[in-house]
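Visitor: Predicted model follows, preceded by the sequence.
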Amino acid sequence: MKKKKEYVILKELLGSNQKIANEIRKSLTEKRILAVNFMSSPGAGKTTLLERIIEKLKQEYRIAVIEGDIETEKDAERIRAKGVPVFQITTGGACHLEAKMMAKLFNQVPNNLHFLFIENVGNLVCPANYDLGEHIRCVLLSAPEGDDKPKKYPKAFITSHCLIITKSDLFPYLPFNPNKAKKEALSVNSKLKIFITSALNGEGIDDLIQYFKYHFEKIEKEGTGA
Amino acid sequence: MHELSIVASLFDILNEKAKEQKAKKITKVKLKVGMLSGVVPELLESAFEIYKKDTIASDAKLEIETTSIKAKCKKCGFEFSPEDFTIICPTCCSYQVKILSGEELLLEKMELEI
């Protein structure tokens, strides 16, 4: 006779991703490496922003980049041209990076880094669900996308520490209202640290770098033996 | 569309539990999905239907309970359901708000045939 039994499980569906992410974060902290995850829709300017950040940071700090793309190594080649090691994850169709993809290439990442930047797959929805073990999660919003994005894609803004508004050099030509974008973003997540940047004219890049340096120094102190 | 990845994670848990209980079949799966979970219940259902074929859960019925967003103001203590994802206290306008529920993405229960 068939016997049916009901079990109460109460398990997080993304619990296994979270577990791997927590291990990666712990290991990075012990190595005193600050990891930053950049999320945005395609074309918001993640790669160009990273190029500017690397140019300014690489004299003083050791940097590596993890590039997530559905196909091609085009972004990886652009970053590699800046003279820093790049580790490519080609997801082959998947719209986001997951912690287990990070874990697979983690042993190739040098131990003596200061900064590990992760460029997620261009998508403002799915990456928001996956912790990759980063210390800081940044969401980018480019001026041409419009100032109403935070409420359309709340998860990306709620789970981020930092909002980087990009392409500020285009403000004069667009109906984008930076104050409205800031207000909307803060109404979804009041803890967001907000930067207005332009990779073309350099606005806000130094402030953003200061923010990353501040958190790097915090990790340096927190790391084991410190 | 990351619902298929999420269903893959769900099946990892389902398979493990079914094996543990030496179950012949999984007949029912109940999930709790919050409005702030970043997951669309309808897409989760479609992904489940695709994924379950030729598995121990091929006849399983999926039930999804969606939970609304509930929040509490840290300043004045007012409890409310934020509309339009505005996580600001409607009484005192404070941004210091704690989210009480709506972020869940849980496997709550499963029914096994043993």
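Guide: Great, that's in hand. Owing to the predicted nature of the structure, the values given are computational and were not obtained by experimental measurement.
Visitor: Do a quick rundown of the strands in chain B.
Guide: B:25-34, B:61-67, B:70-73, B:79-80, B:97-101, B:105-113 (DSSP state E).
Visitor: Contacts for the first one next, please.
Guide: Meaning strand B:25-34. A:4, A:6, A:13, B:10, B:14, B:18, B:39, B:41, B:44, B:48, B:56-57, B:59-69, B:101-113 (Cβ atoms under 8 Å, 6 or more residues apart in numbering or on different chains). In this view, the C-beta of every residue, glycine as well, is placed from N, C-alpha and C.
Visitor: Just the buried residues of those residues.
Guide: A:13, B:10, B:14, B:18, B:39, B:41, B:44, B:48, B:56-57, B:60, B:62, B:64, B:67, B:69, B:102-113 (16 or more other Cβ atoms under 10 Å in any protein chain shown).
Visitor: export the host helix or strand of A:P150 as CSV, just CAs?
Guide: If you go by DSSP states H and E, A:P150 is part of helix A:149-152. C-alpha atoms of helix A:149-152 as CSV (Å, rounded to 0.1, in the frame of the first residue of the first chain):
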residue,chain,number,x,y,z
LYS,A,149,14.7,52.2,-12.8
PRO,A,150,15.0,51.7,-9.0
LYS,A,151,11.3,50.8,-8.6
LYS,A,152,11.1,48.8,-11.8
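Visitor: That one - contacts with which helices or strands?
Guide: Contacts defined by 3 or more Cβ pairs under 8 Å, 6 or more residues apart in numbering or on different chains; DSSP states H and E place helix A:149-152 against helix A:178-188.
Visitor: show me what contacts A:I136?
Guide: By Cβ under 8 Å, 6+ apart, the neighbours of A:I136 are A:34-37, A:161-162, A:212, A:215.
Visitor: Dump the strands of chain B into CSV; add mean pLDDT as well.
Guide: CSV is the format used below for the strands of chain B (pLDDT from 0 to 100):
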stretch, mean pLDDT
strand B:25-34, 96
strand B:61-67, 96
strand B:70-73, 95
strand B:79-80, 96
strand B:97-101, 93
strand B:105-113, 96
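Visitor: Spell out which residues of chain B are next to chain A.
Guide: Chain B comes close to chain A at residues B:1-2, B:5-6, B:9-10, B:12-13, B:17, B:21, B:27-28, B:31, B:36-39, B:84-88, B:95-97, B:105-114, as judged by Cβ under 8 Å from any Cβ of the partner chain.
Visitor: circling back: which of the contacts of A:I136 tops the neighbour count?
Guide: Scoring the contacts of A:I136 on neighbours with other Cβ atoms under 10 Å in any protein chain shown, the highest-scoring entry is A:N37 at 27 neighbours.
Visitor: Wasn't that one part of a helix?
Guide: No. If the criterion is DSSP: H, G, I helix; E, B strand; the rest coil, then A:N37 is strand and not within a helix.
Visitor: Need the nearest residue in space to it, chain neighbours excluded.
Guide: Leaving aside its sequence neighbours, A:N37 sits nearest to A:E134 (Cβ to Cβ, 6 or more residues apart in numbering or on different chains; 3.8 Å).
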